[in-house]
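**Student:** For reference, the sequence and a predicted model appear below.
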Amino acid sequence: MAGGYYTALSGMRARMDALDRVAGDIANASTAGYKAERGSTEQADRPSFDSALKSAIDVASSEAKTDFRPGSLSTTNRAMDVAIEGKGFLAVDTAQGPRFTRNGHLVRRADGVLATDEGDAILGSDGPIKVGQGLVEIDTDGTVREGKAAVGRLRVVDFPEGTILDRDGGSRFRTTVTPQDVEKPSFTAGTLEQSNVSLVERIAELSEVSRNYQTLLKAVSVLMNDVDRGAITELGRR
């Protein structure tokens with residue numbers, strides 16, 4: 001196959017990966033605590049085709065980078081909604097292991113444990129926090145109160161610089177690195193940190209990627225229908 005085919009097809013594959021990434025960001029634009037992803041491409045030199053993508057491709061999608069800049073705060077006036085001020089994540093106990101999130105929309109499970117929307121326990125400094133049926137309030141330092149009694153304190157963790165956090169669906173992340181407790185976390189109650197996705201930027205990027213994909217598709221069509229047909233015609237005359 002001609003080298004032009006490889007270049008165009010690899011470019012199309014990279015744009016398809018970009019479309020998936022942009023679509024994921026747009027779909028989660030209203031998900032509290034969601035962090036946008038930034039993508040890029042890298043050159044796959046011909047000698048490294050097999051190790052890079054198991055095929056002869058000139059352009060490959062490089063690893064997407066998560067944008068951890070904080071999102072804007074939205075007032076909900078709901079007592080169990082909290083937003084972390086500054087760096088850090090809430091620790092979540094799941095069946096698959098510990099997970100970490102900036103989504104502070106907390107719910108009360110049937111057994112009284114504070115949890116995420118998915119039903120996984122939010123961890124406090126001494127494990128899961130259990131409350132009764134009374135009014136729950138959260139102080140600026142993360143102390144959880146039922147009435148006037150303190151029943152626990154939200155745990156906030158962070159990671160050493162350079163730690164890679166892998167997305168685990170929506171606004172949750174996972175890593176094999178041991179987290180470090182934030183000694184003096186700060187919260188704003190009655191608010192949620194919104195997604196940091198800019199819909200304007202993502203719609204613009206979606207349009208650009210789509211146009212690029214269509215251009216490459218047309219290039220493949222030209223190579224197949226015009227160049228190859230011309231070559232066959234010329235060879236047929238000899």
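**Tutor:** Yep, that arrived.

**Student:** tell me the domain boundaries of the chain?
**Tutor:** By the assignment in automatic domain parsing, the chain contains the domains 3-68+196-236, 73-193.

**Student:** For this protein, just list every one of the helices.
**Tutor:** Using DSSP state H, the helices found in the chain span residues 3-27, 49-53, 199-222, 228-236.

**Student:** mean pLDDT lowest for which of those?
**Tutor:** Taking each of the helices of the chain in turn, the one with the lowest mean pLDDT is helix 49-53, at a mean of 49.

**Student:** Pipe the domains of the chain into JSON lines and attach mean neighbour count per row.
**Tutor:** Just so you know, the C-beta spots here come from the backbone N, C-alpha and C atoms, and that holds for glycine as well. Below are those laid out as JSON lines (neighbours: other C-beta atoms under 10 Å):
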{"stretch": "domain 3-68+196-236", "mean neighbour count": "15"}
{"stretch": "domain 73-193", "mean neighbour count": "16"}
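
**Student:** Mind telling me which of the ones you listed the model trusts least?
**Tutor:** Per-segment confidence across the domains of the chain bottoms out at domain 3-68+196-236, which has a mean of 73 in mean pLDDT.

**Student:** Bridged to residue 166, which residues?
**Tutor:** Beta-bridge partners recorded for residue 166 (DSSP bridges): residue 174.

**Student:** mind checking how far it is from residue 100?
**Tutor:** As defined by C-beta to C-beta, to the nearest Å, residue 166 lies at a distance of 10 Å from residue 100.

**Student:** overlap in contacts of those two?
**Tutor:** 173, 174, 175 (C-beta atoms under 8 Å, 6 or more residues apart in numbering).

**Student:** mind listing what the first one touches?
**Tutor:** Okay, so that is residue 173. Listed by C-beta under 8 Å, 6+ apart, the contact partners of residue 173 are 66, 89, 99, 100, 101, 165, 166, 167.

**Student:** quick check, nearest of these to residue 31?
**Tutor:** When these are compared for distance to residue 31 (C-beta to C-beta), residue 101 comes out closest, at 10.4 Å.

**Student:** For the closest one, which residues are in contact?
**Tutor:** For residue 101, the contacting residues are 33, 89, 90, 92, 116, 171, 172, 173, taking C-beta under 8 Å, 6+ apart as the criterion.

**Student:** if I pick the nearest residue to residue 70 once chain neighbours are set aside, what's in contact with it?
**Tutor:** The spatial neighbour of residue 70 that comes closest, neighbours along the chain excluded (C-beta to C-beta, 6 or more residues apart in numbering), is residue 193 at 6.2 Å. Residue 193 makes contacts with 32, 33, 70, 71, 72, 73, 74, 83, 84, 102, 103, 104, as judged by C-beta under 8 Å, 6+ apart.

**Student:** send the alpha carbons of stretch 15-23 over as CSV?
**Tutor:** Taking Å, rounded to 0.1, in the frame of the first residue of the first chain, the C-alpha atoms of stretch 15-23 are listed here in CSV:
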residue,chain,number,x,y,z
ARG,A,15,-9.1,12.0,14.7
MET,A,16,-11.5,9.3,15.7
ASP,A,17,-9.7,9.0,19.1
ALA,A,18,-10.0,12.8,19.4
LEU,A,19,-13.8,12.6,18.6
ASP,A,20,-14.3,10.0,21.4
ARG,A,21,-12.4,12.2,23.9
VAL,A,22,-14.3,15.4,23.0
ALA,A,23,-17.6,13.6,23.0
